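>>> what's the 3D shape of this:
(one chain, ligands or ions: 2)
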Amino acid sequence: MGELAPGRTDPPPGNGLKMAVVGKGGSGKTMLAATMTRILASTGKARVLAIDADSAVGLPYALGVEVQRTVSDLRNELIDDPRARREAQDRHASCLIGAILQRGRGFDLLVMGRPEGPGCYCAINDLLRYAIDTFSRSYDVTLIDCEAGPEQVNRRVVSGVGLLMIVTDPSMRGLRVAGSIWDVVRRDEHMKSTRVGLVMNRLRLGDNDRAMAESAARMGLEVMGRVPEDEDVARWDAAGRPLVDMPASSPSVDAIGGILRMLLPGSMTQAPEMGRSCGLRRRVNTETE
Ligand SMILES: Nc1ncnc2c1ncn2[C@@H]1O[C@H](COP(=O)(O)OP(=O)(O)OP(=O)(O)O)[C@@H](O)[C@H]1O
Ligand SMILES: [Mg+2]
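Ligands and ions are numbered 1, 2, ... in the order given. From the prediction side, this is the model:
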């Protein structure tokens, strides 16, 4: 279980690759972000920072980390508590945010949280953007699990990430949302050097992922990978167990390992749990290619 990560206010500099996961609500963003975090952390070769940028706060549970303090809590404390505000004046913002990083198994975690009561998320998103910019430099990989839809692309929370994965389930609605996010990204000057791709999640045998891939190609959107419908994910989620505890041989873990091997330098992705192949994935791929 997670604990505050002492001393993580000033970790040594890393390569700072930022990856963000966006897509329609319920398409599998958190599952993908959590599984990528777990795989990269398991290699022991990369310093990994996971960021839950979704105010609904789902990533910590998938990662098996208990949330202690969030960026939102920090902001509320500074607004509500004059003493905390006075003390904060003497400290750099990165120290303040660094103190709320939590440690998981082989990774650190930062949680945005939600503002108290109704209101605008601008200030939280600003703080989050600052935190992403500042801390990603200290890690080899930063993975950001975003809110559903294009809002955080609009608000430049994921501005300048190296890799943007747009997740869709095998529905036309999922693909349409993916298309609308892709439209926003394409028009954003700050995303010009971002590699953007579609990840098709929850594919079952017989799904017409070829038609989806063709639609993506018409939009000029690369298909980065396919993840099968995985009973283990459903079972683990239904039981409230962290997805990071799923067997490495689970079809989704295997498929996501394959996607990471394709996208990232070999040195980051060499680990015992990344070498397996999955029958369903092979069948899905060969049927559609
Ligand atoms: N490959 C998969 N196989 C089976 N179930 C899956 C798979 N991917 C995701 N799910 C299920 O779909 C649901 C939504 O997944 P997840 O929470 O990861 O989506 P999300 O995009 O993060 O949702 P939200 O927009 O609410 O944050 C969960 O119940 C999860 O168990
Ligand atoms: Mg989610």
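
>>> residue 230: how many residues sit nearby?
Residue 230: 26 surrounding residues under other C-beta atoms under 10 Å. C-beta here means a position set from N, CA and C on the backbone, and glycine is covered the same way.

>>> the residue nearest to it when sequence neighbours are not counted: which element?
Closest residue to residue 230 apart from its sequence neighbours, by C-beta to C-beta, 6 or more residues apart in numbering: residue 252 at 3.8 Å. Element membership for residue 252, per DSSP states H and E: helix 251-263.

>>> that helix packs against which elements?
Applying 3 or more C-beta pairs under 8 Å, 6 or more residues apart in numbering; DSSP states H and E, one finds that helix 251-263 contacts helix 29-43, strand 222-228, helix 231-238, helix 266-269, helix 279-288.

>>> my read: residue 188 touches residue 155, true?
No: here residue 188 lies out of contact with residue 155, judged by C-beta atoms under 8 Å, at a distance of 10.8 Å.

>>> up against ligand 1, what does the stretch 51-200 of the chain have?
54, 56, 58, 148 (C-beta under 6 Å from any ligand atom).

>>> just the buried ones from the residues you listed?
54, 148 (16 or more other C-beta atoms under 10 Å).

>>> what about the chain, any weak spots by pLDDT?
Across the chain, residues meeting the criterion (pLDDT under 70) sit at 1-15, 88-91, 93, 115-121, 267-289.

>>> just the helices in it please.
Taking DSSP state H, the helices of the chain run over residues 29-43, 59-63, 71-80, 82-89, 93-98, 122-136, 151-154, 172-186, 209-219, 231-238, 251-263, 266-269, 279-288.

>>> in JSON lines, list those helices along with mean neighbour count.
Converted to JSON lines, the helices of the chain look like this (neighbours: other C-beta atoms under 10 Å):
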{"stretch": "helix 29-43", "mean neighbour count": "26"}
{"stretch": "helix 59-63", "mean neighbour count": "25"}
{"stretch": "helix 71-80", "mean neighbour count": "17"}
{"stretch": "helix 82-89", "mean neighbour count": "11"}
{"stretch": "helix 93-98", "mean neighbour count": "17"}
{"stretch": "helix 122-136", "mean neighbour count": "19"}
{"stretch": "helix 151-154", "mean neighbour count": "20"}
{"stretch": "helix 172-186", "mean neighbour count": "19"}
{"stretch": "helix 209-219", "mean neighbour count": "16"}
{"stretch": "helix 231-238", "mean neighbour count": "15"}
{"stretch": "helix 251-263", "mean neighbour count": "22"}
{"stretch": "helix 266-269", "mean neighbour count": "15"}
{"stretch": "helix 279-288", "mean neighbour count": "15"}
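
>>> nearest to residue 142, of the ones you listed?
Closest to residue 142 of the helices of the chain is helix 122-136 (C-beta to C-beta; 4.0 Å).
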